[in-house]
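*Asks:* Next comes the sequence, and after it the predicted model I'd like to discuss.
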Amino acid sequence: MAPRVSEDHLKQRRAEILQAATTVFIEQGYENTSMKHVMEAAGVSRGGLYQYFSNKEDLFKAILDEALTDEANGTKNMLKDTDSYWELLMQLLFGEGGNPETEMDPLAPSKLEYFITGRNDEQRREYGRKRYETGHRLYADVIKAGQEAGEFSDRFDHDLIARSIITFIDGLALGDAILPSQAVQLGKQSALFMEFLRMALQVQKD
């Protein structure tokens, strides 16, 4: 009888596969990545990979879902005891330091590729809609909490501002994926958008 593999080992192996697959998607893009690429990068057999993921799309969605879930859980926890909703919003936008981005998420081009090439696929469109609403809700909850605490003005609806943030991020991601970096000026645009948000929300402290 073969030895029983612990649940912790299975979770660890799955995490290692996801990490290796993320690197492959960044290097190859979504369309050019194959399950064979992932097998080689993760050092697993075909059976070992398909034990966790049924196909490339299943694997890619797992990467996207885990990242969004981690972000949602982290934001929910920080909302409970934050000293500054502005700082929390900046962290959600730009990462832990809360400073304007000078580099885009390296997985962003593959994300764009996945959703754009699948725009006529009903299931992928529905998945994209659910992801959009989850991401929108993260920003909307922070902005609403800041408005209720008096740190932000309620001149503009929190829902609208949240959707504007997503539009900005998606626009930068698209530009960064297809244009030279000097044309996009990611850092300068991010800093300018941060000031737009500060004015729209009339931030009382930071």
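*Replies:* Cool, the structure landed.
*Asks:* can you list the weak-confidence ranges in this structure?
*Replies:* Within the chain, the segments meeting pLDDT under 70 span 1-5, 205-206.
*Asks:* Just the helices from the chain, written as ranges.
*Replies:* Secondary structure of the chain (DSSP state H): helices at 7-28, 35-42, 46-50, 56-81, 85-94, 108-117, 122-148, 158-178, 181-184, 186-201.
*Asks:* Quick check: which of the ones you listed has the most neighbours on average?
*Replies:* Mean neighbours per residue, mean count of other CB atoms under 10 Å, is largest over the helices of the chain for helix 85-94, with a mean of 21. For the C-beta atoms, the positions are set from N, CA and C on the backbone; glycine is no exception.
*Asks:* So which other helices or strands are in contact with that one?
*Replies:* Secondary structure elements in contact with helix 85-94, counted by 3 or more CB pairs under 8 Å, 6 or more residues apart in numbering; DSSP states H and E, are helix 56-81, helix 122-148, helix 186-201.
*Asks:* The same query, at a cut-off of 6 Å, please.
*Replies:* Helix 85-94 is packed against helix 122-148, with contacts defined by 3 or more CB pairs under 6 Å, 6 or more residues apart in numbering; DSSP states H and E.
*Asks:* Residue 138 contacts residue 73, correct?
*Replies:* No - look at residue 138 against residue 73 with CB atoms under 6 Å: they stay out of range, at 10.4 Å.
*Asks:* about what we covered before: so which of the helices of the chain is nearest residue 100?
*Replies:* Nearest of the helices of the chain to residue 100, taken as CB to CB: helix 186-201 at 3.5 Å.
*Asks:* Would you mind pulling the contact partners of the closest one?
*Replies:* Residues outside helix 186-201 that contact it (CB atoms under 6 Å, 6 or more residues apart in numbering): 100-102, 152-153, 156, 168.
*Asks:* right, and the pair among the residues you listed with maximum separation?
*Replies:* 102 and 153 (29.0 Å).
*Asks:* Just the buried ones out of the contacts of helix 186-201, please.
*Replies:* Buried members of the contacts of helix 186-201, counted by 16 or more other CB atoms under 10 Å: 100-101, 152, 168.
*Asks:* of all those residues, which comes closest to residue 79?
*Replies:* The closest of these to residue 79 turns out to be residue 152 (CB to CB; 13.7 Å).
*Asks:* Which residues are in contact with that closest one?
*Replies:* Counting by CB under 6 Å, 6+ apart, residue 152 touches 146, 201.
*Asks:* any idea how far residue 141 is from it?
*Replies:* 12 Å (CB to CB, to the nearest Å).
*Asks:* Ok, residue 181 next?
*Replies:* For residue 181 relative to residue 141 (CB to CB), the value is 32 Å.
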